[in-house]
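Q: Using only what follows, build the 3D model:
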Amino acid sequence: MILSMVVFAGFLHRVIVNIIHSVQGYHSKTVHFLNVAFNLSGDSLLAADRQGNIYVFDLNGNRFSLVQRTMQACTALAFNLRRKSEFLVALADYSVKCFDTGTQELVSWMRGHESSVSSISVHGSGKYAITTSTDTAQLWDLDTFQRIRKLNVRQSVGIQKVFFLPLSNTILSCFKDNSVFAWEFDTLHCKYQLPTPVEGSVLFYKVFAVTRDGQTLVAGGKSNHLHLWSLELKQLIRIIQMPEKVRAVRHLEFLPDSFDGGSNQVLGVLSQDNILRFINIETCKLLFDIGSPEEGISTAAISPNGRYIASVMKNGSLNLYSVQALTQEGNKNELPGGLNKKRLQALLKGFGEYPAKYRMFVWRSLLQLPENHLAFSSLLDRGIHSAFVNIQKEYPIKSRKLLRVLQRTLSCLAHWSAIFAETPYMPLLAFPFVKLFQNNQLICFEVVATVVVNFCQHWFEYFPNPPVNVLSMMENVLGHHDKELLQHLVKYNVTSQVYAWPLLETLLSEVLTREEWLKVFDNIFSNHPSYFLMVVVAYIICSRAPLLHCNQAADFEYFFHHRNNVDINVVIKEAYHLMEATPLDIHPQLMLDDFTPLTKGQYPVFNKYPVFIVDYQAQEREKIRQDEMEYLRERQLAHESEAKAQEQKAEDEVWYRKQKLLQEAKEQRRKILLEEEEKLAEQRQRLAVVKRELKIKELQLLDASRRRFLNYQQDQLQMELKRLDNEIARKASMREQETAAAVQDVELRQMELESQKQFFEQHIIKHKEAVTKEMKEEVEAHRRKVDLEDQHVQRLIEIDREEIQKALTVAEENLAKAEQKHIDTDWKLQAQRRLRRDDQEREKSYREIVELLHDNRVKEAELLKAMRETEEKQWEDVAHNKAQLEEEQKAAAAADGQRKQFLDDKMNDTLELAEKLQREDGSFERLRDLKARSTERGVEVQQVPRSGNVCLSDLSTLASSPHMSSGRRRAELARRERELMAEVWQLRQRLISQAQARHPPARFPATTSP
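A: Predicted coordinates:
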């Protein structure tokens, strides 16, 4: 296996490299590549061939490696996962696998599709992926490789593509019926649906592409028309018609550009002729194309950085194109973002300004900003420059956000070049751009830096003085075009530092309104840097009338620092006139360089200023700052020393004052103590006299109190005795009451128990009566059923007897006397045999009845046992016994119904036979057949269960045997019923006695009253 690469030097044919996979052997052949995909950075390319080999091409290192052999064809690739070394590949067996390019191992295997996966869309975070086939779309979590959601559609509708929108959490689903839905990724709720395309359109959407900002959707199909949808407005905004050679669109993809802010303008369209055409969707202009009918393109992919295009050719090879080489010829006047400077200048001359909606985008394209994020971050990380720490004192801006952005922008400029920290007018120059780009500090810094580098050329050569050389150029231009005005200014000693420098250092922001300033800089950025100087000169010339009336220096200074009534359109027109009419020897364009954008990666070195002056000023400023800090520190120390001295002095005065007060207080306390001692001596003498008197009175009182206490004790003893007597009497009374209450309670309890006993006996009696009544009802129902059966049998016998009698009468009339005796003899023999058979069957029936009675007794014993168990288990199985009883009743009812149906059928057969005999003649042959059939019918009737064992063979027994059998059956049933009731009564008695034995009634001991 050989992988050959052919590199075209100098970008011949616009192809960087051509890759062919050939296999050497007996039959050499070329293995076709099928799919390609770029990684997020665009410096690696993933390619899969028809044999399942997957290669990784390092475009920077110019090497490749085989990372996986899947042994089956690949249908889709994705190389933009969160883990940069992993990629997804959809295979021909409808599965999706994740591999690692570093370890070359399988990471996960995702299954669930039932048809080929046509596309894989990865979320911007790299954590989720959507795989799409014709019948379903599935959402996967790439951290756990588990399926989160599955979208199924009807086969008649079909899915074209489901993918994530860039820079948002929106999923777009496109179906074969041209319907497009947008879904919220977090909740999977439908956000909106795009309306139906233009009526009559034959365009059926097959392929789709979305701009990097997710605002525009392009759809194509089997037509040479492309539909441009605004996803923000949710409407069709444009229909682009491709060349007539294009009959169908097979693939769409936008060409990324770092200068368009995500609103991509260049679209790649792969058509059925295998040519990939790149068009500008705004101008509908064909920019370039790749491929040809001979070397057609099968599929293609564009790197995210917009540098490369990888295409799989029809011959199976892989081509890598350079976008820079492709756009080199048509990009001489082209700007980043697909803009053309000549067209912009023509548009500007026609309208005077750019549209406000696209002005910032046009400015960024005109200035060709590099957007060096890393370099700007390093400048921003250095913090606030010391020169702009207290900028709010000099420029008190109300908006704290605006002040902060201005401070950071100026600090980045000062860190970039030291001159900007010493330039006093730098805040005035940068403030208009800070106000415009305050939401994007990178763009703000690069715009100001580009303006300084290109439109402020030679400004800093005479620093710290104004740029005399630039002001001299402007003065020469003014003298050439308006000599009278220049002489007037010279007459009143108004130099270029008064009438030109204030306009330059503020970029005209002091004398123009916002709209006028934006219009002026639309023209400045679209022309040579010298045009800025011409605008300042044109402003002075257009203001000649008021300037000629000024004759005071203060008036001139005020004029060039305030807004004036000047038509800005006339100023712009005059500036263009000055650009064309100024001689070359004094034209600023001769002195100023052409526009040069900032370099990519790192910002250029800016040192076009007198370094020693700037360094000297920086040193002087640092020295002054150090002196100020030293002075402030010494002043702080002096203030602290003075404060401490004052504090010490105050403390001393307070201490002396406290000492004086303490001395005075001591003297006063001493005098008070002497007076108190004299008073205390007098009081002691009086107290001794009073004590003697009190001692005498105390002895007298003690004697009186002792006698009174003895009397009190006697009284208390008597009262205690009375109280004890009363207590004893009260307790005796309470004991008698309690005893009586206890007796009453015992009697009441005995009555309650008796009542409970009676209630229980009544309950048992009621239950017994209910059971007896139920049994009687069942026996009565059974008796009625037996009577009904006997009636049916009797009716059948009577009918048979009548019919047979009629038949015999007819037969006797027709039979010959010679044969009568023989027939009677045979008849009697048959009747005797049938009687004997009937006796045997009756005996068998009696045995069955005995067995049934025995079974009934066994069942009754089991029933009694079950009842005892039911009583012990709290009647838990009552429901089950009732269910069994109901089943037996249903079975008996079914048997009764069968017997009744059998009797009815026999009766119907007998009636039909009688009718038939009446219709026929009384021939001997018919009569003999009738006898045989009657005999068979009689035998069958004998075999009917529970029918009384009736025999229909003998005329003599027909009249007596039914009545006898039914009478005996009734007597037997009555006897069985009485025996059963007696057994039930005995069972009830035994249950009652057992219950009383287990729960004897409570007995209370006899109580005696106290």
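
Q: contacts and neighbour counts: CA atoms only from here.
A: Will do.

Q: who touches I130 in this structure?
A: For I130, the residues meeting the contact criterion (C-alpha atoms under 8 Å, 6 or more residues apart in numbering) are I120, S121, V122, A137, Q138, L139, W140, V162, F163, F164.

Q: burial measure for the closest residue to the third one other than its chain neighbours, as a count.
A: So that's V122. Distances taken as C-alpha to C-alpha, 6 or more residues apart in numbering place A129 nearest to V122, at 4.3 Å, with adjacent residues excluded. As a burial measure, the neighbour count of A129 was computed by other C-alpha atoms under 10 Å and equals 24.

Q: what lines up beside the helix or strand containing A129 in the sheet?
A: For A129, the host element (DSSP states H and E) is strand 128-132. Each strand that strand 128-132 pairs with, and the sense of that pairing, follows from DSSP bridges: strand 119-122 (antiparallel), strand 136-141 (antiparallel).

Q: Which element is encountered next along the chain beyond whichever helix or strand E515 is part of?
A: Using DSSP H and E, E515 maps to helix 514-525. Scanning forward in sequence from helix 514-525 by DSSP H and E, the next helix or strand is helix 530-542.

Q: and that following helix, average pLDDT?
A: Mean per-residue pLDDT for helix 530-542: 93.

Q: Now do the buried residues in it.
A: 530-542 (16 or more other C-alpha atoms under 10 Å).

Q: Identify the residues contacting the next helix or strand after it?
A: On the C-terminal side of helix 530-542, the closest following helix or strand by DSSP H and E is helix 544-548. Outside helix 544-548, the residues that touch it by C-alpha under 8 Å, 6+ apart are L485, H488, F556.

Q: Stretch 497-510 spans what distance, first to last residue?
A: Between the opening and closing residues of stretch 497-510 we find a distance of 16 Å, counting by C-alpha to C-alpha, to the nearest Å.

Q: For A301, what are phi and psi?
A: Backbone torsions of A301, given as degrees, to the nearest 10, read phi -140, psi 140.

Q: Against V31, how distant is it?
A: 20 Å.

Q: Just name the shakiest helix or strand of this protein by mean pLDDT.
A: Counting by mean pLDDT, DSSP states H and E, the chain has its least confident helix or strand at helix 955-958, which shows a mean of 36.

Q: Off-centre distance for the strand holding A129?
A: For strand 128-132, the distance between its averaged C-alpha position and the chain's averaged C-alpha position is 17 Å (C-alpha atoms, centre = their mean, to the nearest Å).

Q: ditto for stretch 378-385
A: With C-alpha atoms, centre = their mean as the basis, stretch 378-385 stands 41 Å off its chain's centre.

Q: Would you mind writing the CA trace of stretch 94-106 as CSV?
A: What follows is stretch 94-106 as a C-alpha-only set of coordinates in CSV (Å, rounded to 0.1, in the frame of the first residue of the first chain):
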residue,chain,number,x,y,z
TYR,A,94,-25.2,1.9,10.2
SER,A,95,-23.1,2.3,13.4
VAL,A,96,-21.0,5.2,14.6
LYS,A,97,-17.7,4.8,16.3
CYS,A,98,-15.4,7.1,18.2
PHE,A,99,-11.6,6.6,17.9
ASP,A,100,-8.6,8.4,19.4
THR,A,101,-5.9,9.5,16.9
GLY,A,102,-3.2,9.4,19.7
THR,A,103,-3.8,6.0,21.1
GLN,A,104,-5.4,4.6,17.8
GLU,A,105,-8.0,2.8,20.0
LEU,A,106,-11.7,2.5,19.9
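
Q: Looking at A301 and V31, which is more packed in?
A: Neighbours per residue, other C-alpha under 10 Å: of A301 and V31, the larger number sits with A301, 22 against 19.

Q: Nearest residue to the more buried one in space, please, no chain neighbours.
A: Here the residue nearest A301, using C-alpha to C-alpha, 6+ apart, is A310, at 5.3 Å.

Q: what about the one you found, how many neighbours?
A: Other residues lying near A310 total 26 when counted by other C-alpha under 10 Å.

Q: ok, now how distant is it from G291?
A: A310 is 12 Å from G291, where distance means C-alpha to C-alpha.

Q: repeat for R343
A: Taking C-alpha to C-alpha as the measure, R343 and G291 are separated by 29 Å.

Q: who has more neighbours, these two?
A: Under the criterion of other C-alpha under 10 Å, the comparison of R343 against G291 puts G291 first, with 19 against 12.

Q: Leaving out sequence neighbours, find the closest residue to the more buried one.
A: Taking C-alpha to C-alpha, 6+ apart, and ignoring the residues beside it in sequence, G291 has I275 as its nearest neighbour in space, at 4.8 Å.

Q: Hmm, that neighbour is touching D289, no?
A: Yes. Between I275 and D289 there is a contact at 6.9 Å, judged by C-alpha atoms under 8 Å.

Q: Of those two, which one has the most company?
A: The residue with the greater number of neighbours, taking I275 and D289 and applying other C-alpha under 10 Å, is I275; the counts read 22 against 16.

Q: so the residue nearest to A301, which of the three states?
A: Following DSSP: H, G, I helix; E, B strand; the rest coil, the label given to A310 is strand.

Q: mind checking which helix or strand I19 is in?
A: Counting by DSSP H and E, I19 is found in strand 15-23.

Q: And the helix or strand following that strand, how far out from the chain middle?
A: On the C-terminal side of strand 15-23, the nearest following helix or strand under DSSP H and E is strand 29-31. Between the centre of strand 29-31 and the centre of its chain there are 48 Å (C-alpha atoms, centre = their mean).

Q: Give me the mean pLDDT for strand 29-31.
A: Model confidence over strand 29-31 averages 83 on the pLDDT scale.

Q: Residues in contact with it: which ones?
A: Strand 29-31 is contacted by residues I20, H21, S22, V23, D49, R50, Q51, G316 when judged by C-alpha under 8 Å, 6+ apart.

Q: ok, now stretch 432-445?
A: Against stretch 432-445 from outside (C-alpha under 8 Å, 6+ apart): 369, 371, 373, 376, 402, 405-406, 409, 412-413, 447-448, 509.

Q: again, 10 Å this time
A: Identification of contacts with stretch 432-445 by C-alpha atoms under 10 Å, 6 or more residues apart in numbering yields 360, 364, 369-373, 375-377, 380, 401-413, 427, 430-431, 447-451, 506-509, 514, 517-518.

Q: re the thing from before, who are the contact partners of the residue nearest to G291?
A: Taking C-alpha under 10 Å, 6+ apart as the definition of contact, the neighbours of I275 are 246, 268-269, 289-299.

Q: The helix or strand harbouring E675 - contacts with which helices or strands?
A: E675 is part of helix 611-814 when elements are defined by DSSP H and E. The helices and strands touching helix 611-814, judged by 3 or more C-alpha pairs under 10 Å, 6 or more residues apart in numbering; DSSP states H and E, are helix 419-422, helix 878-919, helix 924-942, helix 955-958, helix 961-998.

Q: Of those helices, which shows the lowest average pLDDT?
A: Comparing mean pLDDT across the helices and strands packed on helix 611-814, the lowest value falls on helix 955-958: a mean of 36.

Q: ok, the strand holding I19: who's next to it in the sheet?
A: Partners of strand 15-23 in the sheet, by DSSP bridges, are strand 2-7 (antiparallel), strand 29-31 (antiparallel), strand 318-322 (antiparallel).

Q: Name the residues that touch the last one?
A: Put plainly, it is strand 318-322. Residues from elsewhere that reach strand 318-322 (C-alpha under 10 Å, 6+ apart): 5-7, 11, 13-21, 32-36, 45, 47, 59, 290-291, 297-302, 306-313, 328.

Q: quick one: L829 and R836, what's the gap?
A: Relative to R836, L829 is positioned 11 Å away (C-alpha to C-alpha).

Q: same question but for D49, I mixed them up
A: With distances taken as C-alpha to C-alpha, D49 is found 104 Å from R836.
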